[in-house]
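A.B. asks: Kindly generate the corresponding structure for this input.
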Amino acid sequence: YLIPLLPWLWWSAASALGRRAAPVLTVLLAFQVATHTHRWLRESPYAEPEIGQTYAWIRSNIPPSEAIAGALYARDGYLTGRPAAPLPSAHEAREMAQRLRGARVRFVLWQDGLDLGLAGGRASGVARAFEDAGRLLHDTQHFEVIYENPGERARVYAVRSERIGQGGI
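C.D. replies: From the prediction side, this is the model:
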């Protein structure tokens, strides 16, 4: 969380160095450039998201006006070019489906084993909520798997309409 403060910290350290500030800051800047430009100069494993094939499927099969929901909704929305919303918290599948329909979200992107970086304390409650959401998505009365990529451990669900007897999604 202190990364945005680094330039200010370097500036204050440089002001304490007096005349040696320019060479020291030049070395620090050169170090930054050398350690971060390799991602642009050559291929990097970070260049393609881990569920790139799933994102490509969404871009080619779901209209751009359709919203998706997911655990990492900001990233998912950006990489799919679709409006995105967070997964609503719910205790049962029917409630989750109703909340999604209420938000005009028809599709859910789910990735198994997602590392949310959450551990201990309050964060474990958030991790439990995502585990619960994954469990609720298995309810075939309210959600239907329309795409699955076992290699990426990702699935796209359609939120079933309330007219299940009429076969609507």
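
A.B. asks: following the helix or strand of the chain with the lowest mean pLDDT, which helix or strand shows up next?
C.D. replies: Across the helices and strands of the chain, mean pLDDT, DSSP states H and E gives its lowest value to helix 38-41, namely a mean of 65. The first helix or strand that comes after helix 38-41 along the chain, using DSSP states H and E, is helix 52-61.

A.B. asks: so how far is whichever helix or strand comes after that following helix off the chain centroid?
C.D. replies: Sequence order places strand 67-70 as the next helix or strand after helix 52-61, per DSSP H and E. Going by C-alpha atoms, centre = their mean, to the nearest Å, the spacing between the C-alpha centre of strand 67-70 and its chain's C-alpha centre is 10 Å.

A.B. asks: ditto for stretch 129-142
C.D. replies: Chain-centre distance of stretch 129-142: 18 Å, with C-alpha atoms, centre = their mean.

A.B. asks: What lies in contact with it?
C.D. replies: With contacts defined as C-beta atoms under 8 Å, 6 or more residues apart in numbering, stretch 129-142 is touched by 71, 87, 89-94, 96-97, 108, 110, 112, 114, 116, 143, 155, 157, 159-160, 164. Quick note: C-beta positions are derived from backbone N, CA and C, even for glycine.

A.B. asks: How about R59, nearest residue that isn't a chain neighbour?
C.D. replies: Leaving aside its chain neighbours, R59 sits nearest to T80 (5.7 Å; criterion: C-beta to C-beta, 6 or more residues apart in numbering).

A.B. asks: Revised request: answer the last question for A103.
C.D. replies: A103 sits nearest to A85 (C-beta to C-beta, 6+ apart), 5.5 Å away.

A.B. asks: ok, that neighbour - contacts?
C.D. replies: 67-69, 73, 100, 103, 105.

A.B. asks: again with D76
C.D. replies: D76 touches 55, 68, 70, 82, 84, 109, counting by C-beta under 8 Å, 6+ apart.

A.B. asks: pLDDT-wise, what's the bottom of those residues?
C.D. replies: pLDDT across the contacts of D76 is lowest for G70, at 92.

A.B. asks: just checking, that one touches L114?
C.D. replies: No - under the criterion of C-beta atoms under 8 Å, G70 makes no contact with L114, lying 9.3 Å away.

A.B. asks: between these two, what contacts are shared?
C.D. replies: By C-beta under 8 Å, 6+ apart, no residue touches both G70 and L114.
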